[in-house]
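Peer 1: Any chance you can model this:
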Amino acid sequence: MRKFLLLFCIILPNPIKLFIFRRVFHYEIGDNCTIGMSYIDCRTFSLGDNSSIGHFNTFTHVKSFKMGEKSSVGNFNKFSGSKNQKLWPNSFNSGDYIGISSHHHFDVGGGITLASNIVVGGVNVQFWGHEIDIEDGSTRSKPIKVESQVYIASNVLIAPGAKIGSNCIVGLGAVIPGKFRCDDFSLIIGNPATAIPKKMEIRQKLNEWRR
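Peer 2: Next up, the predicted model:
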């Protein structure tokens with residue numbers, strides 16, 4: 001019954017959809033929010049004021065989804081947790097002013113945390129929250145964390161356990177391994193990714209972006 005009603009909600013007008021999400025599923029949705037034709041099946045769901053989710057996004061096996069104010073999710077994005085690993089976090093948590101464009105993949109198994117003022121731009125950015133241990137064949141999850149004021153360009157791959165510092169730009173096609181750590185104000189490029197300190201240049205670019 002739950003899945004049937006969630007599927008039915010996809011085609012409903014925004015006011016009716018939000019009413020059902022709030023009253024039936026107890027989703028916490030702020031003022032002036034819009035949700036398009038998307039399938040949202042989360043145990044807990046929170047969307048801040050003046051935020052939006054576009055069309056044809058899917059949220060499956062997600063224990064907790066939280067996105068702050070004045071944030072947006074474009075179209076054709078996938079947020080998925082693990083159906084079988086009940087003890088994993090299976091969560092997505094972000095602050096305010098988050099911009100996610102379209103055609104991205106978020107494996108939330110290990111937990112994804114985005115601070116604030118972050119753009120996941122372009123297409124085909126992939127966050128991977130789980131991995132297979134090649135020694136014993138077990139599957140394990142690891143969290144991914146991105147600090148504030150970060151721009152992530154197209155085709156970036158982020159492995160389980162990676163951490164990205166604040167005020168960074170992640171260049172096209174970068175592959176960020178699980179043990180990756182970097183200083184703030186870095187340009188992150190390459191496969192495997194390397195961090196190049198670019199404090200003055202990045203500060204200028206981020207100031208232009210904020211304007």
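
Peer 1: dump the residue contacts of Leu18.
Peer 2: For Leu18, the contacting residues are 29, 33, 35, by C-beta atoms under 8 Å, 6 or more residues apart in numbering. All C-beta spots, glycine's among them, are computed from the backbone N, C-alpha and C.

Peer 1: Now neighbour count and distance to Asp107 too, for those, in a markdown table please.
Peer 2: Listed next are the contacts of Leu18 as a markdown table, based on neighbours: other C-beta atoms under 10 Å; distance: C-beta to C-beta, whole Å:
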| residue | neighbour count | distance to Asp107 |
| --- | --- | --- |
| Ile29 | 20 | 24 |
| Cys33 | 19 | 25 |
| Ile35 | 23 | 22 |
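
Peer 1: and these, which of them are in strands?
Peer 2: Judged by DSSP state E, the contacts of Leu18 include 29, 35 as members of strands.

Peer 1: Closest one to Lys78 out of the contacts of Leu18, please.
Peer 2: Distance to Lys78 across the contacts of Leu18 (C-beta to C-beta) is lowest for Ile35, with 15.9 Å.

Peer 1: Please name the bridge partners of the closest one.
Peer 2: Judged by DSSP bridges, the bridge partners of Ile35 are Ile53.

Peer 1: so what pLDDT did it get?
Peer 2: For Ile35, the pLDDT comes out at 98.

Peer 1: close enough to count as contact, it and Ser51?
Peer 2: No - using C-beta atoms under 8 Å, Ile35 is not in contact with Ser51, being 9.3 Å away.

Peer 1: what are the ranges of the helices in the chain?
Peer 2: Along the chain, the stretches classed as helices by DSSP state H are 2-9, 14-23, 199-210.

Peer 1: hmm, back to that, closest to Leu87 among the contacts of Leu18?
Peer 2: Ile29 (28.0 Å).

Peer 1: Just list whatever residues bridge to that closest one.
Peer 2: Counting by DSSP bridges, Ile29 is bridged to Leu47.

Peer 1: List the contacts of it.
Peer 2: Here Ile29 is in contact with 18, 21-22, 35, 45-47 (criterion: C-beta under 8 Å, 6+ apart).

Peer 1: now Leu12
Peer 2: Ile20.

Peer 1: again, but for Leu5
Peer 2: Residues in contact with Leu5 (C-beta under 8 Å, 6+ apart) are 20, 24.

Peer 1: ok, now with 6 Å
Peer 2: Leu5 makes contact with no residue, according to C-beta atoms under 6 Å, 6 or more residues apart in numbering.

Peer 1: lowest-confidence helix or strand of the protein?
Peer 2: Every helix and strand in the chain was compared by mean pLDDT, DSSP states H and E; the lowest is helix 199-210, with a mean of 63.

Peer 1: partner residues bridging the residue nearest the centre of the chain?
Peer 2: Nearest to the mean C-alpha position of the chain, by C-alpha atoms, centre = their mean, lies Phe106 at 5.7 Å. On the basis of DSSP bridges, Phe106 is bridged to Phe79, Phe127.

Peer 1: any low-confidence regions in this protein?
Peer 2: Under the criterion pLDDT under 70, the flagged ranges of the chain are 199-211.

Peer 1: at 90 instead, please
Peer 2: Along the chain, segments meeting pLDDT under 90 span 1, 82-87, 130-141, 182-184, 196-211.
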